[in-house]
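Dropping a prediction and its sequence here:
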Amino acid sequence: MSSDETADKQTQLIKNRIAKIEEKEKQLKARKRAELNRLNQQKRKQRTKRLIEKGAALEKLQGDQATHITAEATRDWLNHKIAINQHLVLEYQRLKNYTDHVTYEDGTSVLDHYQNDQENQNKQP
């Protein structure tokens, strides 16, 4: 066999190995895509489940009329409830601050008396 024929065979062998490697690379990329698709599908299912659970909880809070309330009205309803809650928290803090500064003759505050009464009520069976 001539050296040219030997070189041609070696070149062909290398080309064949490269082709096999490229084929494996394609298979690995396809497998990777399939796994990424599975992962994305799993994430979508988890998100869908979470949205359904949250929506069900929200509908329960809205009561019997929930099915008639639009998504936009639901957003407004939630914003309204949040605003009311924030207002109540601020009013509670103001009242607490006020009662903490109103004192009896013995130097204790109205807030102290209230807290003591609450503790005593919690201790009673």
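Thanks, I have the structure now.

Need the mean per-residue confidence for stretch 6-16.
Averaged across stretch 6-16, pLDDT comes to 92.

then that stretch to CSV, C-alphas only?
Presented in CSV, the C-alpha positions along stretch 6-16 are these (Å, rounded to 0.1, in the frame of the first residue of the first chain):
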residue,chain,number,x,y,z
THR,A,6,-2.4,5.1,3.9
ALA,A,7,-2.8,8.8,4.4
ASP,A,8,-6.2,8.8,2.6
LYS,A,9,-7.4,5.9,4.9
GLN,A,10,-6.2,7.8,8.0
THR,A,11,-7.9,10.9,6.7
GLN,A,12,-11.1,9.0,6.1
LEU,A,13,-10.9,7.4,9.6
ILE,A,14,-10.6,10.8,11.2
LYS,A,15,-13.5,12.2,9.1
ASN,A,16,-15.6,9.2,10.2
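
so how far is the helix or strand harbouring residue 20 off the chain centroid?
Remark: residue 20 resides in helix 3-62, with elements defined by DSSP states H and E. Distance of helix 3-62 from the chain centroid (Cα atoms, centre = their mean, to the nearest Å) equals 26 Å.
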